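**Student:** Generate coordinates for the sequence data below:
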Amino acid sequence: MSSLVKEDLNKKLFKSLGQTLCEFIEVQCSSQDRFFLCASVTKSEEVQISMVKHYGTGIDENYEISEKWFLDDLEMIDGKEPDSDNPWFDMHFKEVYSWEACSCASKYAFARSLNKLNEKYLRKDLKIVNFDFTYINDEALWSSSNGDCVVLMKICFYATNLLCLSLCPLPG
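**Tutor:** Now for the predicted structure:
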């Protein structure tokens, strides 16, 4: 489902602006509208972070950028609580913006994407605090191009092993 939304966002909004959508997450807002936090790259290779509002009009889906910032202006990403399953995070620009992702996994996916885009295009000292860096850095044991899918597969593998071991009869 998310790949269809990403394709739709890219086609209907970002390509028309001369940008390429790299990552997006849905964020919770108090209103009934859907909002997405998006990371895109412009033709001049600037990384832009956008708050996009979704307008559903019958069958047709429409999107509008309600706010935007540049990654170069991002001073810090604060994951708030690295030891709990917490979807809240702050992004520090000139002002601090607080977000609630749909899940902790999507919060990490977005931070991981911003970190990669920073390494590729800016190479600035981007402060990422209150995250478990095992899941942020590329050098980490769990990371791959499939990101969260690999983590889930390994967890399932270990859970299956534990289940098999628990079903084995004890000697005696």
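
**Student:** contacts and neighbour counts: CA atoms only from here.
**Tutor:** OK.

**Student:** SS state for the closest residue to Tyr121 other than its chain neighbours?
**Tutor:** Excluding its sequence neighbours, the residue lying closest to Tyr121 (CA to CA, 6 or more residues apart in numbering) is Glu45, at 6.9 Å. Applying DSSP: H, G, I helix; E, B strand; the rest coil to Glu45 yields a three-state assignment of coil.

**Student:** Quick check: phi and psi on Glu45?
**Tutor:** Backbone torsions for Glu45, taken as degrees, to the nearest 10, come to phi 60, psi 30.

**Student:** Count residues in the vicinity of it, would you?
**Tutor:** 13 (other CA atoms under 10 Å).

**Student:** pretty sure it contacts Leu122?
**Tutor:** No. Using CA atoms under 8 Å, Glu45 makes no contact with Leu122, being 9.4 Å away.

**Student:** tell me the mean pLDDT over stretch 25-39?
**Tutor:** Stretch 25-39 carries an average pLDDT of 87.

**Student:** Okay, buried residues for that stretch please.
**Tutor:** 25-28, 34-39 (16 or more other CA atoms under 10 Å).

**Student:** Please apply the same query to stretch 73-83.
**Tutor:** Here stretch 73-83 shows 74-79 as buried, counting by 16+ other CA under 10 Å.

**Student:** just for the protein, where's the confidence low?
**Tutor:** Where the chain drops to pLDDT under 70, the residues are 1, 58, 138-148, 150, 172.

**Student:** Does Phe110 lie in a helix or a strand, and which?
**Tutor:** helix 104-117 (DSSP states H and E).

**Student:** Could you name the helices and strands sitting against that helix?
**Tutor:** The contact analysis (3 or more CA pairs under 8 Å, 6 or more residues apart in numbering; DSSP states H and E) places helix 104-117 against strand 19-27, strand 88-92.
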